[in-house]
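Engineer: here's a sequence, model it:
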Amino acid sequence: MREIKIKHRTIGENFPPLVIAEIGINHEGDYVKLKKMVDDAFEAKCECVKIQTHIVEDEMIPNDITPDHCTESVYDIMKRCALSAQEEIDIKNYIEGKGMIFMSTPFSRAAADRLEKLGVEIYKIGSGECNNYPLVEHIASFGKPIILSTGMNNIESIAKAVKIMEKYNVPYALTHCTSMYPTPYDKVRLGGIEDLKKNFPNAIVGLSDHSLGNYTCFAAVSLGARILEKHFTSDKTWPGPDVALSIDPIELKELVFGSNAIFQALGGSKNILKEEQPIIDFAYSCVVTIKDVKEGDVFSKENLWVKRPGSGQVLAEKYYDILGKPAKRNIQKDEQLLLTDY
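Structural biologist: Numbering: from 1, shown residues only. Sure thing, here's the model as predicted:
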């Protein structure tokens, strides 16, 4: 089976979904805020917290490109929000000290090298780097598991990244994603999960979701998603480039609990469980007399009907088989029929 193992946690088809609280840069470079978000994710019973590693001079050239959901250029945002190397060491230790999984997305070769020196156990590659094949190969060369987000990419471009990861024989997961912030529900396209499963049978699949709330993540579990990533903030009134589409601690707790509940509910078949027997005993109906019946009387709709409980020998499903047959003994009104009565 396709599996990724990180410490005590196994990610795969037969395991509950791993919920990733994507703090990203919602901390805005404020280490106190960052720790608060980690604490809140821990209280919500989230297993994994993810940040972003930005070494801006190795990541991009100065520019003034400003996305629709931002009020300042990406360059300025990254310069302001980037954590120092020491802060990343400290937050990794803080997260792992709580028994949680630390994860970060490197946006450059230098960022990946920093994380490798930190001794991370898994890499998350963002959608913007899915077709950045030189960076994908650099990260894959470390020989560690990779979660690759696939927003802004099609099957053809994803396949090239998959080929690189398989070349280095690293376990990997692909998360379906729509890179719109926030993503309208009609642009989420959960069918993309099925496309990933069909085209990349060696991949664990998941959903990196930018829509509002948890609805699409819950639906994704039933389609096979075993990784669920959502932007996260402690307080939706805080400033931050991704706060508007982030879930808060209450929603994160609901996502963790709900996704696990849905996972447990999957599978099975339409049969009767032995655990249903106590309910069967009172909820089923049995064939009973509705008048006194003498031996030799013919059972009819006038003297025979079906009533609860279901503890008798002749269930309601046998009612029509009995009509027209003679009674073999005297039977009082409201008495359940025995198998030997007809």
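
Engineer: now do the strands in the stretch 101-250 of the chain.
Structural biologist: 101-106, 123-125, 146-149, 172-177, 204-209, 227-231 (DSSP state E, counting those that start in this stretch).

Engineer: columns mean neighbour count on top of those strands, output as TSV?
Structural biologist: Yep, even glycine has a C-beta here, placed from its N, CA and C like the rest. Output for the strands of the stretch 101-250 of the chain, formatted as TSV (neighbours: other Cβ atoms under 10 Å):
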stretch	mean neighbour count
strand 101-106	24
strand 123-125	26
strand 146-149	26
strand 172-177	27
strand 204-209	28
strand 227-231	25
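
Engineer: could these go into CSV alongside mean pLDDT and distance to Thr183?
Structural biologist: Listed next are the strands of the stretch 101-250 of the chain as CSV, based on pLDDT from 0 to 100; distance: least, Cβ to Cβ, whole Å:
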stretch, mean pLDDT, distance to Thr183
strand 101-106, 98, 18
strand 123-125, 98, 19
strand 146-149, 98, 13
strand 172-177, 98, 9
strand 204-209, 98, 7
strand 227-231, 98, 11
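
Engineer: show me the helices in this protein, by range?
Structural biologist: Along the chain, counting by DSSP state H, helices occupy 31-43, 56-59, 74-81, 85-97, 109-118, 133-140, 155-167, 191-199, 215-222, 249-265, 277-283, 319-322.

Engineer: distance between the last one and the chain's centre?
Structural biologist: Using Cα atoms, centre = their mean, to the nearest Å, the distance from the centre of helix 319-322 to the centre of the chain it belongs to is 49 Å.

Engineer: contacts for that helix, please.
Structural biologist: Counting by Cβ atoms under 8 Å, 6 or more residues apart in numbering, the neighbours of helix 319-322 from elsewhere in the structure are Val287, Phe299, Leu304, Trp305, Val306, Val314, Leu337, Tyr342.

Engineer: of the residues you listed, closest to Ile155?
Structural biologist: Of all these, Val306 has the smallest distance to Ile155: 57.0 Å, by Cβ to Cβ.

Engineer: still on that earlier bit, out of the contacts of helix 319-322, which end up buried?
Structural biologist: With burial judged by 16 or more other Cβ atoms under 10 Å, the buried subset of these is Val287, Phe299, Leu304, Val306, Val314, Leu337, Tyr342.

Engineer: adding distance to Phe263 and pLDDT, write the residues you listed out as a markdown table.
Structural biologist: Shown next, in a markdown table, are these (distance: Cβ to Cβ, whole Å; pLDDT from 0 to 100):
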| residue | distance to Phe263 | pLDDT |
| --- | --- | --- |
| Val287 | 42 | 98 |
| Phe299 | 50 | 98 |
| Leu304 | 47 | 98 |
| Val306 | 39 | 98 |
| Val314 | 41 | 98 |
| Leu337 | 45 | 98 |
| Tyr342 | 49 | 96 |
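
Engineer: out of these, which two sit at the greatest distance?
Structural biologist: Greatest spacing in the buried ones among the contacts of helix 319-322, by Cβ to Cβ: Val306 and Tyr342 (14.5 Å).

Engineer: quick check: closest non-adjacent residue to Ile51.
Structural biologist: Ser104 (4.9 Å; Cβ to Cβ, 6 or more residues apart in numbering).

Engineer: cool, and Asp292?
Structural biologist: Leaving aside its chain neighbours, Asp292 sits nearest to Lys333 (5.2 Å; criterion: Cβ to Cβ, 6+ apart).

Engineer: how far away is the one you found from Thr289?
Structural biologist: 6 Å (Cβ to Cβ, to the nearest Å).

Engineer: also Lys144?
Structural biologist: 74 Å.

Engineer: ok, Ile262 next?
Structural biologist: Noted for Ile262: a distance of 47 Å to Thr289, by Cβ to Cβ.

Engineer: what's the neighbour count on the closest residue to Lys79 other than its chain neighbours?
Structural biologist: Sequence neighbours aside, Val56 is the residue nearest to Lys79 in space, at 5.3 Å (criterion: Cβ to Cβ, 6+ apart). By other Cβ atoms under 10 Å, 21 other residues sit near Val56.

Engineer: returning to that earlier point: mind checking which of Ile262 and Thr289 has more residues around it?
Structural biologist: Per other Cβ under 10 Å, whichever of Ile262 and Thr289 has more neighbours is Thr289, with 21 against 17.

Engineer: how about the contacts made by the residue nearest to Asp292?
Structural biologist: The contact partners of Lys333, taken as Cβ under 8 Å, 6+ apart, are Thr289, Ile290, Lys291, Asp292.

Engineer: next: Lys197.
Structural biologist: Contacts of Lys197 (Cβ under 8 Å, 6+ apart): Ala203, Val205, Gly224.

Engineer: change it to 7 Å
Structural biologist: Residues in contact with Lys197 (Cβ atoms under 7 Å, 6 or more residues apart in numbering) are Val205, Gly224.

Engineer: for Lys98, same thing?
Structural biologist: Phe42 are the contacts of Lys98 under Cβ under 7 Å, 6+ apart.

Engineer: so it versus Asn154, what's the distance?
Structural biologist: 38 Å.

Engineer: excluding chain neighbours, what is closest to Pro184?
Structural biologist: With Cβ to Cβ, 6+ apart, the residue lying closest to Pro184 is Ser211, at 7.3 Å.

Engineer: how many residues are close by the one you found?
Structural biologist: Using other Cβ under 10 Å, Ser211 has 21 neighbouring residues.
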